[in-house]
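Undergrad: Turn this into a structure:
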Amino acid sequence: MEKQDLVCVGAISGAFGVRGEVRIKSFCADPAAIGDYSPLTTQNGKKTYDIEITRTVKGGFAAKLTGLTNKEDADALRGTRLYVGRDKLPSLPDDEFYHSDLIGLDVVDTGGEPCGKVSAVHDHGAGDILEILHKGEPILLLFTKESVPTVDLTAQRIVIDPPEGLF
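TA: This next block holds a predicted model:
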């Protein structure tokens, strides 16, 4: 499966207990849905894990992954991002996007002036923030309808209306 066919749905934040369970942070709109997308794979596709959510814990979920039997194996996966094939994910409404679809898009202002490329999408709980790489420097912009009036995935570009002085 090619990288663009994968969408990151979660990350392993470490071991949970001593029997090989892991603590998982879900990136799904419905966090508990991460268990519905089993099996999950690593970004390079070399490892695949069946996942069974066992309980809710602070910061995510405890889960069993195939092949993990002890704390050391689970700890070794800390920081591993988990992916699912795009074809397993639901279609989104016109005004919603998977973060992976936005990363790499060209960014222009409402006058058509190039502003850079989307290098990351951050979600700290109060709404998404686009990180735009502009002349080698990251610029952060709230991902709202007001500041990002147009996302054109077909043309691979985003039109922004940034606050005065941001660029």
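Undergrad: From Cys8, how far out is Asp123?
TA: Using CB to CB, to the nearest Å, one obtains 12 Å as the distance from Asp123 to Cys8. Every C-beta, even on glycine, is put in place using the N, C-alpha and C of the backbone.
Undergrad: Please identify the helix or strand for Asp75.
TA: Using DSSP states H and E, Asp75 maps to helix 71-76.
Undergrad: quick one: buried residues of the helix or strand following that helix?
TA: Remark: after helix 71-76, the chain's next helix or strand is strand 81-85, criterion DSSP H and E. Judged by neighbour count using 16 or more other CB atoms under 10 Å, the buried positions of strand 81-85 are 81-84.
Undergrad: show me what contacts the residue nearest to Ala15 when sequence neighbours are not counted?
TA: Leaving out its chain neighbours, the residue that sits closest to Ala15 by CB to CB, 6 or more residues apart in numbering is Ala74, at 3.6 Å. With CB atoms under 8 Å, 6 or more residues apart in numbering as the criterion, the residues that contact Ala74 are 12, 14-16, 20-22, 65, 68.
Undergrad: which among the buried residues of strand 81-85 gets closest to Lys58?
TA: When the buried residues of strand 81-85 are compared for distance to Lys58 (CB to CB), Leu82 comes out closest, at 19.2 Å.
Undergrad: Mind pulling up the pLDDT for the closest one?
TA: Here the pLDDT value assigned to Leu82 is 94.
Undergrad: tell me the contacts of the closest residue to Lys88 other than its chain neighbours?
TA: Using CB to CB, 6+ apart and skipping residues adjacent in sequence, the residue nearest Lys88 is Tyr37, 5.5 Å away. When contacts are counted by CB under 8 Å, 6+ apart, Tyr37 touches 9, 28, 51, 84, 88-89.
Undergrad: Quick check: Tyr37 vs Thr54, distance?
TA: With CB to CB as the criterion, Tyr37 and Thr54 are 16 Å apart.
Undergrad: same question, Ala155
TA: As for Ala155, its distance to Thr54 is 44 Å (criterion: CB to CB).
Undergrad: Could you give me the buried positions within stretch 149-166?
TA: Using 16+ other CB under 10 Å as the burial criterion, the residues of stretch 149-166 that qualify are 151, 157-160, 162.
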